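Colleague: task: produce atomic coordinates for the following.
(chains A and B, ligands or ions: 1)
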Amino acid sequence: MAMWHVAHLVQRRRETATACTLVLAVDDWPGHVPGQHVDVRLTAPDGYQAERSYSISSAPDGNTVELTVQRVPDGEVSPYLIDVFSVGDPVEIRGPVGGWFVWRPTEPAPVLLVAGGSGIAPLMAMVRARRATGSGVPFRLIYSVRTDRDVYFADELRHRAADDQGLEISYVYTRQAPDGWPGQPHRIGPEDIRERGWPPEREPQCFVCGPTGLVEAVADSLVAVGHDAQRVKTERFGPTGG
Amino acid sequence: MGIVSPGFQGRPRSSQPALPPGQYLTEDFPVLSAGPTPRVSLDTWEFAVTSEGGVEHRWSWAEMLALPQETPTVDIHCVTRWSKLGTNWRGVSLDVLLGGVETAAKFALVHSYGGYSTNLPLADLLGGQAWIVHEFEGGGLPAEHGGPARLLVPHLYFWKSAKWVRGIELLSTDEPGFWETAGYHDYGDPWREQRYQGD
Ligand SMILES: Cc1cc2nc3c(=O)[nH]c(=O)nc-3n(C[C@H](O)[C@H](O)[C@H](O)COP(=O)(O)OP(=O)(O)OC[C@H]3O[C@@H](n4cnc5c(N)ncnc54)[C@H](O)[C@@H]3O)c2cc1C
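Modeller: Predicted structure coming up:
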């Protein structure tokens, strides 16, 4: 059963101009599986409460939980978490929640991760858990971003691409590609999935996370390329609907 | 009351009687699902009710459209906290579809194309509370919102309104569906905030 816990902010890391990672200490954290999320509850002095869901971006690690939050302009909760919430402040979180969009390091199938923007958060938990458990399962990550300034965890991903054997990372830029990147900026499509993902015969587990438009397009591409829909798991948390 | 978050004021609020606790209004129509959107052809589409004794009642697309249609206008509430008020649908009441089915079952397990499932008490599908709908706001139901047809049970959280509905299995004992197995509530009443098991 998902329970409420009191968490305290111990550190804040800036990811991009519009996003940061909150490192929370949770006294009685029961642990989590990469891909799960928490519900965050804020309470105003007059008793008013607001709750939102955030994926856990850290690998399971004792009493620490990291959330990576993108600012939604005019949002109620995300600007508070990024601008106002300070080291030492308490916040209530409930979880971990979700038992579907998860990767267990004991599963042997190769993994394809496809992220758009802040959708990298739960996928990063998987990349980190792979390293932390010494898993040799081959991983491919395709990460769609507007420009290279919009890459979350940029330094860490650079290191992991070099150090973590069996982890391949490729980027798709939608607005502006950095010098030397082959091709024109574009939205991720079946070609990217075919060239940078796994062939369907390898029967990979596929995890797709990001705004609805990206998730729809990528999930459709995966099925079109021949992947079994049962092995394609999606999570959407963009503000726009279809 | 919970632990006060220093500096958190929240949005200026007006009282919203139509909004269950913890929900906010949205004008667009967010999409949430666990995998790729199934594309189901109308030629092969079929809806079946199976009683606890194994007796099947089936409807093709043409047979479904030939049944009496209703046009419910309802509020919908997603467990991820968005609500949408006054949505317009068109479809067949479950009272019509279950009317000729002989059953003493208490529970229903709803099945979808693509493998999704969700459970609810049979009583919640009857009495003018539930429909199989195939139109939204005057047009065909788009695939990402569950087309060609979805279940609509507006008084429960929207994950109970299974998209791409294919059939209903009547059961004597309750059996959790897809999200319920993953920790979500068996019943899912938005007014009592029954989000997760144990709420
Ligand atoms: C399972 C899950 C995991 C998530 N993980 C993350 C994460 O790791 N990082 C992250 O930054 N965000 C994540 N989100 C999104 C997050 O829960 C909030 O929606 C987001 O931070 C915006 O909240 P806000 O209060 O700032 O904006 P709000 O005040 O809620 O929103 C401003 C406007 O944007 C629209 N809007 C915003 N969010 C949504 C939504 N989810 N659905 C529909 N409309 C919306 C509404 O129309 C609203 O009026 C996740 C969501 C889900 C469901």
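
Colleague: for chain A, give me the ranges with low pLDDT.
Modeller: Scanning chain A for pLDDT under 70 picks out A:1-2, A:238-242.

Colleague: where along it do the helices fall?
Modeller: A:78-79, A:120-132, A:154-163, A:190-196, A:212-225 (DSSP state H).

Colleague: neighbours of A:V127, how many?
Modeller: 26 (other C-beta atoms under 10 Å in any protein chain shown). C-betas here are computed from N, CA, C, even on glycine.

Colleague: enumerate every residue touching it.
Modeller: By C-beta atoms under 8 Å, 6 or more residues apart in numbering or on different chains, the contact set of A:V127 is A:L113, A:F139, A:L141, A:R160, A:D164, A:L167.

Colleague: closest one of those residues to A:V10?
Modeller: The nearest member of the contacts of A:V127 to A:V10, counting by C-beta to C-beta, is A:R160 at 23.2 Å.

Colleague: so that closest one makes contact with A:A132?
Modeller: No - if you go by C-beta atoms under 8 Å, A:R160 and A:A132 don't touch, sitting 11.6 Å apart.

Colleague: higher neighbour count, the two?
Modeller: Neighbour comparison, A:R160 and A:A132: the larger count goes to A:R160, with 19 against 14 (by other C-beta under 10 Å).

Colleague: okay, now the residue lying closest to B:T73 once chain neighbours are set aside: neighbour count?
Modeller: Sequence neighbours aside, B:N88 is the residue nearest to B:T73 in space, at 5.2 Å (criterion: C-beta to C-beta, 6 or more residues apart in numbering or on different chains). Residues lying near B:N88 (other C-beta under 10 Å) number 13.

Colleague: which residue would you name as the spatial centre of chain B?
Modeller: In chain B, the residue lying closest to the centroid (C-alpha atoms, centre = their mean) is B:S161, at 0.9 Å.

Colleague: ok now do it, which residues does it touch?
Modeller: For B:S161, the contact set (C-beta under 8 Å, 6+ apart) comprises B:I76, B:G146, B:R150, B:L151, B:L152, B:V153, B:P154.

Colleague: residues near the fourth one, how many?
Modeller: What that stands for is B:L151. Counted with other C-beta under 10 Å, B:L151 comes out at 25.

Colleague: over to the first one?
Modeller: Burial of B:I76 is recorded as 21 neighbouring residues (other C-beta under 10 Å).

Colleague: quick check, it in a helix?
Modeller: No - counting by DSSP: H, G, I helix; E, B strand; the rest coil, B:I76 falls outside a helix, being strand.

Colleague: what's near enough to touch B:H57?
Modeller: Shown in contact with B:H57 (C-beta under 8 Å, 6+ apart): B:A48, B:V49, B:T50, B:L97, B:G100, B:V101.

Colleague: circling back: top of the contacts of A:V127 by neighbour count?
Modeller: Neighbour counts for those, by other C-beta under 10 Å, peak at A:L113, which reaches 26 neighbours.

Colleague: residues contacting that one?
Modeller: Here A:L113 is in contact with A:L123, A:M126, A:V127, A:F139, A:R140, A:L141, A:I142, A:C206, A:F207 (C-beta under 8 Å, 6+ apart).

Colleague: and of those, the nearest to the ligand?
Modeller: A:L123 (10.1 Å; C-beta to the nearest ligand atom).

Colleague: and the gap between that closest one and B:A162?
Modeller: Here A:L123 is placed at a distance of 27 Å from B:A162 (C-beta to C-beta, to the nearest Å).

Colleague: is stretch B:109-123 in proximity to chain A?
Modeller: Yes - using C-beta under 8 Å from any C-beta of the partner chain, stretch B:109-123 comes into contact with chain A via B:G114, B:G115.

Colleague: ok, now how distant is the residue of chain A most remote from its centre from A:I120?
Modeller: Ranked by distance from the centre of chain A (C-alpha atoms, centre = their mean), the top residue is A:D46, with 33.4 Å. Going from A:D46 to A:I120 by C-beta to C-beta gives 36 Å.

Colleague: same check, this time on B:L109
Modeller: With C-beta to C-beta as the criterion, B:L109 and A:I120 are 36 Å apart.

Colleague: those two: who's more crowded?
Modeller: A:I120 (28 against 21).

Colleague: need the contact list for that one.
Modeller: A:I120 makes contacts with A:S57, A:T68, A:Y143, A:Y152, A:F153, A:C209, as judged by C-beta under 8 Å, 6+ apart.

Colleague: circling back: tell me the most buried of the helices of chain A?
Modeller: helix A:120-132 (a mean of 24; mean count of other C-beta atoms under 10 Å in any protein chain shown).

Colleague: quick one: that one to helix A:154-163, angle?
Modeller: 40 degrees (axes from the mean of the first three to the mean of the last three C-alpha atoms, to 10 degrees).

Colleague: can helix A:120-132 be said to contact the ligand?
Modeller: Yes - using C-beta under 6 Å from any ligand atom, helix A:120-132 reaches the ligand at A:A121.

Colleague: from the chain's centre, how far out does that helix sit?
Modeller: Relative to its chain's centre, helix A:120-132 lies at 8 Å (C-alpha atoms, centre = their mean, to the nearest Å).
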